[in-house]
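Q: Need a 3D model of the sequence below.
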Amino acid sequence: MPKNLLIVESPAKAKTIEKILGSDFEVRSCFGHIRDLKKDDMGIDIKNNYKPTYIVSDEKIKVVNELKSAAKKSTEVWLATDEDREGEAISWHLCEVLGLDPYKTKRIVFHEITKPAIQAAVANPRTVNMNLVNAQQARRILDRIVGFELSPVLWRKISVKNNLSAGRVQSVAVRLIAEREREINAFVSQSSYKVEAIFTAPDAAARQISFKAEGTKFSKAEDAERFLTECIGANYTVKDVTVKPTKRTPAAPFTTSTLQQEASRKLGYGVSKTMLVAQKLYESGNITYMRTDSVNLSETAMGDIQAAITKSYGDKYHKARQFKTKSSSAQEAHEAIRPTYMSTTSVEDADGRRLYELIWKRTMASQMADAELEKTVAKIGISTNNAELTAQGEVLKFEGFLKVYREDVDDEDRDGEENGEAILPPLRSGQRLGFREMKAIERYTRALPRYTEASLVKKLEELGIGRPSTYAPTISTIQKRTYVERRDKEGMQRNYNVFTLSDDKITKKTETENTGAEKSKLFPTDLGLVVTDFLKQHFDDIMDYTFTARIEGEFDEVAQGKILWNKMIDDFYNPFKKDVDNTIENAQRISGEREIGTDPTSKKPIIARMGKYGAMVQIGTSEDEEKPRYAKLKASQSIETISLDEALALFQLPKTLGEYEGQEVAVNNGRFGPYVKWGEAFVSLPKGEEPTDVDLERAIQLIKDKQIVDAPIAHYNEQPVTKGKGRFGPFIKYGDLYINVPRAYNFDNLSQSDINELIAKKVEKESNRYIQQWPTEKISIENGRWGPFLRFGKKMLKLDRKEGGEKYSAEEIASVPLDDVKKMIERQVPGAFSKKAAAKKAPAKRAASKKTAARKKA
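A: Numbering: from 1, shown residues only. Predicted coordinates for the structure are as follows:
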């Protein structure tokens, strides 16, 4: 039995380290966090100095028990969780759960999983750094407070069925995206005319080489045309040539943020995918720790990189560099992301290979020589109007780091012009040039582009909001909450004018271009916009960029032991709680209501707003005698930008298309999306297809496709069995039972024996599903994967524990009466049963908005 137990976070890392340490160590994984704040009463005792109450989650009880058993059998326990604040906190939680003293237990950290690094860490252990633990604890507690206090405010004040939530960093991230969207919507593009001329001159071999020169921009078409007219019959002479050497220096090695940005630009990876792949590379010993805001490289690493550069390219390509970290709060690690061994140029896994090679190239380039270029600028005079054109060219004299790597840029950092510099032929002052043509091309100014996941990370980092460990979870959360969606946007055709001077004649031509197309950009949803506006109005501190950055700075001070974590929380909580109470008491409900215009038929107002199931438009108000008419917005529409004509078009639904096999065919929008209705049958439209675009021919095709899908594939007990694909994957349907088809089965070719087996298993499982059931109350106690649980409507709830703190067994819970079960539900869903009584009362009329009141007075 090994004398030492070493605990790490992931099983993959455990396997790698165990091979390095040998038989004296048993390496176990805790699978990440083992405890979290208790959900009841926030898990924080506000009145007792913000004392947190942590519990071991149900799914980690088995892991904890196994670690306890292994710890008892070991002479010494070592903690080797990740080196950031989250990892430090996990080590402290392990001490608490395993009964270890955090001030004596050996804690080791390493930036890479290599034999020298692991052995050096074991030789130089430390203890748990409680300042880092307190910084993580402060972040967790403050974020829990914000979430638990703000989310119920949103539930009360915004009439949407979604499970709304707010968070300290996520709400600010949504604000950035919302403000960028509004900037784009408000942007008015201005046109101007850019003058370009094509000249010829001989090269060293007397061959005529074409090159481009640019002139002044004109804001009006007539000015541009007048300039070209002035150039008719002109001679073009080189007035001045300037040649000067320039250099380009390589970018620093990757931090978490820059890796996410470059993986997005070069590989098309989302932030979460980048971190997932990087985590695997780290755990398998291929790269250093992937959550870092440092650009430092160790002396050992720099020696390894130098050897790789000189071996591959020679000494002249090497230049040692130590980059300085821009962020004053860099603390997550002590080294940049780099390969552990530069001699390993690739890895086997496909996704891992692409990211690894990106990291390898960036690391190599960071220690390579500057690229040396020669830039030429030629001024060209026009004889007829004394105007000047400018030609620029660039020649690469020495590749340097560009031999290995060239950094990309985001859309907003591009100048919108041609990429790169042309190579000019040899030019001299006084040289007369051959003239081919001159054009004045209409160009339009562009709004700033929408954020990508990576450019949002860059912006958050610039503002000092969040840290390397928080970027990916933040961006994932705002998309899961449907405040933001990542999607493509199709471009639209736009005309532009081109004036051309050739052979002393000017011609005008109108050409078209595709503009506004975007790929994988972040768009705020209407829900995101409404929630952002509400939070900005009532919680300006939470939504303020500098305030959020200051909070991050205070976490850093806690990590450095400069301030007490609970004092920092107290300074935040007291004014925040006053804002919460004031908002609940005084703020009006919000729906993002916007009056679009008037319905030409009924003369009633048309209003766009958020409804219970999402963005919608309505004709009329709740104060009218007739009930308002409602229509759901298309996925591509927004309550902020929808026009009157677009809104009226939505009220064409439901729309009858005709008949098929004697039954009426219609299209409509429903709660679960657009559909075709054929008789009493409903056929969902494919994603991205709008009901207003569907004609009878298309509807019949969808009906036929549905009939093929719904046709029985087999029979079981003389009843038909059908199959389909739903949101949770492929399934077969037998009676009222939907049965998921695991990957072990060939879904496209299910045999009768496969079907018999799947249905038999499901029927047996269903027979053991219910322990107690009250169908009229929509309450049941069911057997689950982790033991019995409560189902109330669509909610899955935990059972209370017995007085001694033990869990109920299935046999014990079978005799608990309904009244006691209802009490368990009430504790988790306050007002669960009083709501039903309240629902029977006549609904109160919604208070008239200021606009509605004004219309009535008029």
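
Q: rest of the way, CA atoms for contacts and neighbours
A: Fine.

Q: Let's verify K519: helix, strand, or coil?
A: Three-state assignment for K519 (DSSP: H, G, I helix; E, B strand; the rest coil): strand.

Q: what's it in contact with, if anything?
A: 487-489 (C-alpha atoms under 8 Å, 6 or more residues apart in numbering).

Q: and these, which are buried?
A: Buried members of the contacts of K519, scored by 16 or more other C-alpha atoms under 10 Å: none.

Q: which helix in the protein runs the most residues?
A: helix 130-157 (DSSP state H).

Q: Summarise which helices and strands it is packed against.
A: helix 85-98, helix 168-186, helix 545-559, helix 565-586 (3 or more C-alpha pairs under 8 Å, 6 or more residues apart in numbering; DSSP states H and E).

Q: any chance of those in JSON lines, with mean neighbour count and mean pLDDT too?
A: Shown next, in JSON lines, are the helices and strands packed on helix 130-157 (neighbours: other C-alpha atoms under 10 Å; pLDDT from 0 to 100):
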{"stretch": "helix 85-98", "mean neighbour count": "22", "mean pLDDT": "94"}
{"stretch": "helix 168-186", "mean neighbour count": "20", "mean pLDDT": "94"}
{"stretch": "helix 545-559", "mean neighbour count": "20", "mean pLDDT": "91"}
{"stretch": "helix 565-586", "mean neighbour count": "15", "mean pLDDT": "93"}
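
Q: Indicate which one of these is closest to K798.
A: Among the helices and strands packed on helix 130-157, helix 85-98 comes nearest to K798, with 22.6 Å by C-alpha to C-alpha.

Q: What lies in contact with that closest one?
A: Residues contacting helix 85-98 (C-alpha under 8 Å, 6+ apart): 32-35, 64, 67-68, 71, 79-82, 100-102, 105, 107, 128-129, 132-137, 332.

Q: swap in stretch 443-454?
A: By C-alpha under 8 Å, 6+ apart, stretch 443-454 touches 177, 180-181, 183-184, 187, 189-194, 257, 260-262, 264, 270-271, 411-412, 475, 496, 520-523.

Q: Start and end of that stretch, how far apart?
A: 28 Å (C-alpha to C-alpha, to the nearest Å).

Q: Next step: the contacts of stretch 443-454 restricted to helices.
A: In this view, these that belong to helices under DSSP H are 177, 180-181, 183-184, 257, 260-262, 264, 271, 475.

Q: Out of the helices and strands packed on helix 130-157, flag the one nearest Q637.
A: Closest among the helices and strands packed on helix 130-157, using C-alpha to C-alpha: helix 168-186, at 12.5 Å.

Q: Now do stretch 641-648: distance to the chain's middle.
A: 30 Å (C-alpha atoms, centre = their mean, to the nearest Å).

Q: And for stretch 484-497?
A: With C-alpha atoms, centre = their mean, you get 21 Å for stretch 484-497.

Q: which residues are contacting that stretch?
A: Contacts of stretch 484-497 (C-alpha under 8 Å, 6+ apart): 174, 177, 441-443, 478-479, 508-525, 528.

Q: Derive a PyMOL selection command for the buried subset of those.
A: Per 16+ other C-alpha under 10 Å, the buried members of these correspond to this PyMOL selection:
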select buried, resi 174+177+441+442+443+478+479+520+521+522+523+524+525+528
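
Q: quick one on the thing from earlier: which one of the contacts of K519 is nearest to D819?
A: For these, the nearest to D819 is R487 (48.3 Å; C-alpha to C-alpha).

Q: Mind putting the contacts of K519 into CSV with distance to R168, secondary structure and pLDDT?
A: Shown next, in CSV, are the contacts of K519 (distance: C-alpha to C-alpha, whole Å; DSSP: H, G, I helix; E, B strand; the rest coil; pLDDT from 0 to 100):
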residue, distance to R168, secondary structure, pLDDT
R487, 25, strand, 90
D488, 28, strand, 90
K489, 29, strand, 89
